[in-house]
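1. this one's structure only:
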């Protein structure tokens with residue numbers, strides 16, 4: 001607790017006792033209230049004389065706070081609805097809550113602390129190791145690079161989310177549309193802002209008609225619905241669906257969010273004059289999110305999991321590609337949204353396919369999705385987006401030492417932002433390391449290429465991009481050493497984009513396609529027929545010259 005804070009408004013112990021002691025709300029809601037209070041009332045104000053001062057002053061990535069609260073103000077043992085390892089929490093197991101805003105808290109027994117002064121210190125040390133291991137993991141450099149390589153972010157640091165509403169078999173009286181700008185404004189803009197340190201997020205949307213699935217569901221009496229088995233999911237998406245593959249115009253709101261987002265006080269990194277050229281050469285990574293409305297005679301349509309059970313989200317996702325959600329218009333959703341654990345258990349990783357459709361004719365007025373359907377779609381998309389970015393649904397419970405106490409850990413869900421500050425920091429660390437590694441590798445490859453092809457012509461722009469990449473790599477290392485996450489991420493992303501743009505410049509690629517060996521093979525058939533008579537004529541002239549020379553020498557000798 002903060003020794004300099006006074007009263008229930010400044011003392012975390014008093015505030016925790018006041019919030020968690022109430023019975024008007026559930027334990028999880030109480031934990032969220034305490035989480036918000038710590039972030040916005042206590043840590044954000046930077047109280048003097050304690051850890052809150054440092055955390056409040058820094059208030060950004062790389063600065064984390066662990067609070068030890070007295071047992072009277074600690075979390076109820078029944079707080080965690082889902083503890084690590086799948087076992088329920090007990091009174092003997094310390095409760096550890098990891099919030100959304102770079103802080104966590106646990107409890108200690110003041111009576112034991114008075115008898116064993118070292119007990120709170122040991123508990124704090126074990127909790128700190130456990131929190132860091134849960135949120136960042138203890139990865140090797142190779143595994144960290146491999147994890148970052150799977151992030152759905154292009155070399156230019158851009159990701160495009162392409163949404164499509166598919167009407168499998170619209171009728172004259174029934175077809176569905178959506179107001180995507182509304183959905184983007186209410187749900188997806190917050191996700192774009194939270195992911196701003198990792199990627200520039202843009203959006204595209206479309207509505208397609210007459211898009212039947214390749215796998216027609218079969219009627220199941222057990223489920224009283226048409227079902228698609230898990231083994232058939234790889235064949236569900238039809239390659240003839242006219243789904244945009246990217247490159248379309250992004251929404252103005254998404255561009256504004258990505259450009260103006262200021263997370264933890266960070267400012268966008270300026271790439272210099274070559275930024276436009278980098279964007280032209282490097283395309284964004286496209287993630288597809290399909291909302292499939294089945295034909296009326298195939299409703300309800302349910303997707304089954306590996307064990308034959310119905311998935312709550314009725315969806316599946318495809319690594320590095322996106323996901324699909326089956327939306328039955330008659331379906332009602334009992335809850336406004338799924339928790340993080342429910343979301344991850346609801347969506348199943350599956351396979352990759354591409355997709356297209358015919359355009360619709362003018363029929364009866366279409367039906368727009370209602371608020372409940374918008375919220376359900378947003379909830380499933382957020383869960384799939386978390387899975388696509390590699391955010392783990394569960395955390396290991398093993399401790400590093402046998403003496404360290406086990407913790408019943410609860411991660412508070414991120415809410416509308418989609419990702420907690422801990423998750424964004426972990427992804428940022430992966431992204432920075434991978435961008436610096438890739439920028440260095442690409443620059444080394446370009447240097448080797450120039451040495452192997454001395455006749456390679458390099459435009460001045462490539463030299464400027466190489467200089468920019470080297471400067472940004474050095475800047476990224478400096479920010480990494482200083483613990484400045486967001487500045488390091490911006491510099492590393494700019495370095496990789498400049499290096500990739502220099503290596504993939506059209507002038508370089510054109511010359512790489514015609515090395516000296518290829519030139520010899522192309523021009524030899526043209527010049528060889530011309531060279532043969534010239535060589536024969538030259539040899540004939542040389543022979544006549546030699547003959548005359550010998551005759552002159554012989555005449556001079558005889559005389």
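-> Received, thanks. Computed from a predicted model, the values in this text were never measured in an experiment.

2. ok, what's across the strand from the residue lying closest to residue 154 once chain neighbours are set aside?
-> Once flanking residues are discounted, residue 154 sits nearest to residue 285: 4.3 Å by C-beta to C-beta, 6 or more residues apart in numbering. Where C-beta positions appear, they are placed from N, C-alpha and C, glycine not excepted. Beta bridges link residue 285 to residue 159 when assigned by DSSP bridges.

3. burial measure for residue 285, as a count.
-> Neighbours of residue 285 under the rule other C-beta atoms under 10 Å: 19.

4. And residue 487, by the same measure?
-> 22.

5. hang on, it is in a helix, isn't it?
-> Yes - counting by DSSP: H, G, I helix; E, B strand; the rest coil, residue 487 is part of a helix.

6. what's the spacing between it and residue 412?
-> Between residue 487 and residue 412 the computed distance is 27 Å (C-beta to C-beta, to the nearest Å).

7. cool, residue 232 as well?
-> Taking C-beta to C-beta as the measure, residue 232 falls 37 Å from residue 412.

8. For these two, indicate the residue with more neighbours.
-> For residue 232 versus residue 412, neighbours defined as other C-beta under 10 Å are more numerous around residue 412 (21 against 17).

9. hey, where'd the helices end up in the stretch 201-350 of the chain?
-> 252-260, 275-281, 340-346 (DSSP state H, counting those that start in this stretch).

10. Compare these and say which comes out lowest on pLDDT.
-> Of all those, mean pLDDT reaches its minimum on helix 252-260 (a mean of 35).

11. low-confidence ranges in this protein?
-> 1-26, 42-59, 72-92, 137-148, 245-281, 331-364, 392-405, 510-516 (pLDDT under 70).

12. switch the cut-off to 50
-> Filtered on pLDDT under 50, the chain yields the residue ranges 1-9, 22-24, 47-58, 73-90, 140, 247-276, 280, 334-361, 393-404.

13. max-length helix in it?
-> As assigned by DSSP state H, the longest helix anywhere in the chain is helix 516-558.

14. what's that helix packed up against?
-> For helix 516-558, there is no helix or strand it packs on, judged by 3 or more C-beta pairs under 8 Å, 6 or more residues apart in numbering; DSSP states H and E.

15. how close does residue 311 sit to residue 325?
-> Counting by C-beta to C-beta - residue 311 and residue 325 are separated by 10 Å.

16. higher neighbour count, those two?
-> It is residue 325, of residue 311 and residue 325, that has more neighbours when counted by other C-beta under 10 Å, with 23 against 18.

17. which residues touch that one?
-> For residue 325, the contact set (C-beta atoms under 8 Å, 6 or more residues apart in numbering) comprises 289-292, 313-315, 377, 380-381.

18. Identify the bridge partners of it.
-> Applying DSSP bridges, one finds that residue 325 bridges with residue 291, residue 315.

19. pretty sure residue 162 is touching residue 284, no?
-> No - look at residue 162 against residue 284 with C-beta atoms under 8 Å: they stay out of range, at 10.0 Å.

20. Check which helix or strand residue 161 maps to.
-> Element membership for residue 161, per DSSP states H and E: strand 158-167.

21. Could you list every helix and strand that that strand packs against?
-> Judged by 3+ C-beta pairs under 8 Å, 6+ apart, strand 158-167 is in contact with strand 176-177, strand 200-209, strand 285-293.

22. Just want the angle from it to strand 285-293.
-> 20 degrees (axes from the mean of the first three to the mean of the last three C-alpha atoms, to 10 degrees).

23. From residue 152, how far out is residue 485?
-> 20 Å.

24. List the buried residues for stretch 314-323?
-> Under the neighbour-count criterion of 16 or more other C-beta atoms under 10 Å, stretch 314-323 has 314-318, 321-323 buried.

25. which one of the residues you listed sits closest to residue 136?
-> Closest approach to residue 136 among the buried residues of stretch 314-323 (C-beta to C-beta): residue 317, at 24.0 Å.

26. one step back: who has more neighbours, residue 485 and residue 152?
-> Between residue 485 and residue 152, residue 485 has the larger neighbour count (other C-beta under 10 Å), namely 24 against 21.

27. Which strand or helix spans the residue nearest to that one when sequence neighbours are not counted?
-> The shortest distance from residue 485 to any non-neighbouring residue, by C-beta to C-beta, 6+ apart, is to residue 61 (3.5 Å). Following DSSP H and E, one finds residue 61 outside all helices and strands.

28. burial measure for residue 61, as a count.
-> If we define neighbours as other C-beta under 10 Å, then residue 61 has 24 of them.

29. For residue 201, give its distance to residue 191.
-> With C-beta to C-beta as the criterion, residue 201 and residue 191 are 7 Å apart.

30. who has more neighbours, those two?
-> residue 201 (27 against 24).

31. now that one: how far from residue 152?
-> Relative to residue 152, residue 201 is positioned 11 Å away (C-beta to C-beta).

32. any common contacting residues for those two?
-> Joint contacts of residue 201 and residue 152 (C-beta under 8 Å, 6+ apart) are residue 159.

33. before we move on, the earlier item: out of the buried residues of stretch 314-323, which is nearest to residue 436?
-> So of these, ranked by how close each gets to residue 436 (C-beta to C-beta), first place is residue 321, at 26.7 Å.

34. element containing residue 433?
-> Using DSSP H and E, residue 433 maps to helix 421-452.

35. Against which helices or strands is that helix packed?
-> helix 118-135, helix 141-149, helix 460-482, helix 485-503.

36. tell me the most buried of those helices?
-> Ranked by mean neighbour count, the helices and strands packed on helix 421-452 are led by helix 485-503 with a mean of 27 (mean count of other C-beta atoms under 10 Å).

37. Quick one: work out the angle between that one and helix 460-482.
-> Using the same axes, to 10 degrees: helix 485-503 against helix 460-482 is 160 degrees.

38. hmm, who's touching the helix or strand encompassing residue 112?
-> In this assignment (DSSP H and E), residue 112 forms part of helix 110-115. Contact partners of helix 110-115, identified using C-beta under 8 Å, 6+ apart, comprise 70-72, 119-120.
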